[in-house]
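Engineer: Here is a sequence together with a model predicted from it:
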Amino acid sequence: MLDTHRVSRSFPSISLPSYGDGSPVEVALITQLGIGAGDQLLRDAGLRQAAHPAFVDALDEPSARLGGMHLAHDDASSLYSFSVGRQGHPFHRHAGPRMFTAIAGSGGAQLRFSTASDAQLQRDPAAFLHALRCVDIPPDCLFTVRFGSGTWHQFVSRHPRHPALFALSCHANERSGALTEAQRAQIDADSADIPSLTDTLPQTLQLLLDQADLSRVPVVSLSLQSPARSALAGLCARTRDLVGPLRAWLARLRPAQGYIGRSAARHPVQALPAPPADSLLHGALADRVDHQDYNTLVLPAHSVASRSASVVLEALLEGFVLNPPPSVGRLMALRNALVAPLHLRTSALGCPVSSLLSTDRSTLFAGRFPVHAQRVDATDRSAEVLLGADDRHLRFRSCVRVQLHADGAAVIALGTRVRTHNRFGRLYMAAIDHVHRRHISPAMLRMAVAHALAPELAQATTHASCRPVVGTLSTAPATSPG
């Protein structure tokens with residue numbers, strides 16, 4: 001083949017006309033990433049994708065549905081991630097148009113498209129090969145792709161040691177295109193995924209493709225910084241080929257995880273000398289108490305959207321588990337390390353609510369959280385649970401309480417009672433009493449409330465089995481909740 005090239009002052013791009021009557025295939029390079037960055041980014045993104053609750057591994061194209069439709073707001077769009085590994089994936093097509101942004105691995109990627117229509121293929125299956133075009137993407141590049149409904153496509157790596165690409169794909173209208181009844185039903189149920197929206201190549205066309213000489217297929221090579229197939233491009237490709245696996249290996253030294261931060265209104269926490277007389281905590285450890293604290297947080301009118309105290313309490317308990325203060329987590333890690341040799345109870349959560357991680361399922365609140373006791377009044381305007389655990393050196397009980405007022409205000413409370421068993425228990429409580437009263441309980445209460453009032457934070461931090469609870473934030477100025 002004759003190699004030619006031209007200079008582009010903007011994004012190097014190509015628009016391949018449809019062989020049939022469909023939309024063109026459009027590919028554009030956006031920017032060149034650092035040497036070997038593609039493999040590292042693909043590894044990290046692949047690990048996060050595999051941990052997503054909507055992860056699916058099928059058709060050699062691991063994927064996850066990151067965002068579904070919002071039909072109540074007339075929004076039928078969806079967002080997916082998908083990756084293609086070293087071996088590539090098979091030719092396939094989708095009923096609707098596709099557009100995605102992707103990162104190529106450190107060996108580069110080849111994108112293959114056939115835009116022959118069904119009518120053309122019925123007349124002559126060889127039309128699939130006549131319509132076949134390839135686009136070469138250089139290593140470690142950010143690029144975009146857009147093509148129409150029914151376009152057959154296959155993505156492969158240009159080097160067997162490197163993954164091909166990782167992409168974010170936007171389905172502008174999940175309901176568009178010639179969908180089957182099964183596909184449309186799954187989409188309407190908002191439970192679609194990439195494999196269910198995929199048609200693979202028929203056997204007759206696959207046999208034809210297997211016998212074809214793909215070296216004779218026209219190829220468009222896009223590149224940045226140097227012309228494709230030049231000596232400089234070759235040297236760069238070899239360098240990226242060597243560095244890519246090394247960067248991906250070094251990336252294993254740190255965990256592939258992320259953090260979700262949020263600023264919320266900092267509501268004051270008030271310490272009371274004792275729990276109210278009608279609290280579940282008031283009757284716990286009644287014969288002797290060696291430590292007692294009771295903290296309340298008052299939310300102003302119209303802060304809480306739900307008028308169900310039990311719903312708010314469920315969100316609050318979820319907040320204790322999913323949104324603990326980092327400082328309390330560090331203190332608990334230190335405490336666990338110190339008491340582990342003594343064979344005392346350890347927990348990742350702060351002690352007042354640590355029993356929420358208990359495996360005892362005999363008594364559950366909202367079908368999810370283990371508790372010692374629970375109470376919801378007849379109007380569901382007051383809800384409370386009793387938590388706690390027994391250890392060799394002490395026994396503690398804690399209450400979490402929600403009271404909703406008629407004007408929309410709410411009082412959230414976290415209280416603790418402790419009875420020590422021996423001298424070590426008394427020394428232990430003397431050591432932690434101040435920090436427990438002044439920091440641990442107030443900080444845990446604030447962070448749990450911030451989670452309960454922020455549905456977007458709940459959705460970002462929960463997994464498939466956790467249900468976020470709706471609420472609204474007050475309009476007070478945002479400050480750190482810690």
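Structural biologist: That came through, no problem. Numbers count the residues shown, from 1 in each chain.

Engineer: Check which element follows the biggest helix by length in the chain along the chain.
Structural biologist: The helix of greatest length in the chain, counted in residues with DSSP state H as the criterion, is given as helix 231-251. Once the chain leaves helix 231-251, the next helix or strand it forms, by DSSP states H and E, is strand 269-272.

Engineer: and that following strand, which strands flank it?
Structural biologist: In the sheet containing strand 269-272, its partner strands are strand 291-299 (antiparallel), by DSSP bridges.

Engineer: Restricting to C-alpha, output the strand it pairs with in CSV.
Structural biologist: The C-alpha atoms that make up strand 291-299 are tabulated as CSV, following Å, rounded to 0.1, in the frame of the first residue of the first chain:
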residue,chain,number,x,y,z
HIS,A,291,-19.6,6.4,81.9
GLN,A,292,-22.5,8.2,80.3
ASP,A,293,-22.8,10.7,77.4
TYR,A,294,-25.7,11.9,75.3
ASN,A,295,-25.2,14.2,72.3
THR,A,296,-27.9,15.8,70.3
LEU,A,297,-27.8,17.6,66.9
VAL,A,298,-30.8,19.8,66.0
LEU,A,299,-31.6,20.3,62.3
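
Engineer: Could I get the full set of helices for the chain?
Structural biologist: Using DSSP H, helices in the chain cover 37-50, 118-123, 127-130, 181-188, 203-210, 231-251, 309-322, 326-339, 423-435, 441-452, 455-461.

Engineer: re earlier: just the buried positions in the longest helix of the chain, please.
Structural biologist: By neighbour count, and taking 16 or more other CB atoms under 10 Å as the criterion, the buried residues in helix 231-251 are A233, C236, A237, R240, D241, V243, G244, P245, R247, A248, A251. To be clear about C-beta, it is placed using only N, CA and C from the backbone, and glycine gets the same treatment.

Engineer: how many other residues sit next to the spatially closest residue to the second one that is not a sequence neighbour?
Structural biologist: Right, C236. Ranked by CB to CB, 6 or more residues apart in numbering and with sequence neighbours excluded, the top spatial neighbour of C236 is S226, at 6.6 Å. Taking other CB atoms under 10 Å as the criterion, the count of residues near S226 is 17.

Engineer: hang on, the earlier thing: list just the one of the helices of the chain that sits closest to L285.
Structural biologist: Closest to L285 of the helices of the chain, according to CB to CB: helix 423-435, at 13.0 Å.

Engineer: Local confidence estimate at the nearest residue to G388 once chain neighbours are set aside?
Structural biologist: Nearest residue to G388 in three dimensions, chain neighbours excluded: R397, at 3.7 Å (CB to CB, 6+ apart). In the prediction, the pLDDT value recorded for R397 is 91.

Engineer: surely R397 meets T416?
Structural biologist: Yes: with contacts counted by CB atoms under 8 Å, R397 reaches T416, the gap being 7.3 Å.

Engineer: joint contacts of those two?
Structural biologist: The overlap between the contact sets of R397 and T416 (CB atoms under 8 Å, 6 or more residues apart in numbering) consists of L281.

Engineer: more neighbours, the two?
Structural biologist: The residue with the greater number of neighbours, taking R397 and T416 and applying other CB under 10 Å, is T416; the counts read 27 against 24.

Engineer: Check which residues of stretch 170-178 are buried.
Structural biologist: Under 16+ other CB under 10 Å, the buried positions of stretch 170-178 are C170, H171, E174, R175, G177.

Engineer: what's the closest of these to A450?
Structural biologist: For the buried residues of stretch 170-178, the minimum distance to A450 (CB to CB) is 31.0 Å, reached by C170.

Engineer: List the contacts of the closest one.
Structural biologist: C170 makes contact with S77, S78, L79, M99, F100 under the criterion CB under 8 Å, 6+ apart.

Engineer: Just read off the phi/psi values of the first one.
Structural biologist: Read it as S77. Main-chain dihedrals, S77, degrees, to the nearest 10: phi -90, psi 160.

Engineer: hey, what's the residue nearest to G388 bridged with?
Structural biologist: Counting by DSSP bridges, R397 forms beta bridges with G388, R417.

Engineer: Tell me how far it lies from R93.
Structural biologist: When distance is defined by CB to CB, to the nearest Å, R397 is 61 Å away from R93.

Engineer: before we move on, what about S8?
Structural biologist: 29 Å.

Engineer: So the two - more neighbours on which side?
Structural biologist: Regarding S8 and R93, a neighbour count based on other CB under 10 Å identifies R93 as having more, with 20 against 14.

Engineer: How about the more buried one: what's its closest non-neighbour residue?
Structural biologist: Computed as CB to CB, 6+ apart, the closest residue to R93 that is not its neighbour in sequence is W152, at 4.9 Å.

Engineer: From what I see, that neighbour and S114 are in contact.
Structural biologist: Yes: in this structure, W152 is within contact of S114 by CB under 8 Å, at 4.2 Å.

Engineer: who touches both of these two?
Structural biologist: Common contacts of W152 and S114 (CB under 8 Å, 6+ apart): F91, F128.

Engineer: I'd like the helices of the chain as JSON lines, with mean pLDDT and distance to S347 appended.
Structural biologist: Formatted as JSON lines, the entries for the helices of the chain read as follows, by pLDDT from 0 to 100; distance: least, CB to CB, whole Å:
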{"stretch": "helix 37-50", "mean pLDDT": "90", "distance to S347": "27"}
{"stretch": "helix 118-123", "mean pLDDT": "92", "distance to S347": "60"}
{"stretch": "helix 127-130", "mean pLDDT": "92", "distance to S347": "61"}
{"stretch": "helix 181-188", "mean pLDDT": "87", "distance to S347": "41"}
{"stretch": "helix 203-210", "mean pLDDT": "90", "distance to S347": "55"}
{"stretch": "helix 231-251", "mean pLDDT": "72", "distance to S347": "31"}
{"stretch": "helix 309-322", "mean pLDDT": "90", "distance to S347": "11"}
{"stretch": "helix 326-339", "mean pLDDT": "82", "distance to S347": "7"}
{"stretch": "helix 423-435", "mean pLDDT": "88", "distance to S347": "14"}
{"stretch": "helix 441-452", "mean pLDDT": "88", "distance to S347": "13"}
{"stretch": "helix 455-461", "mean pLDDT": "45", "distance to S347": "19"}
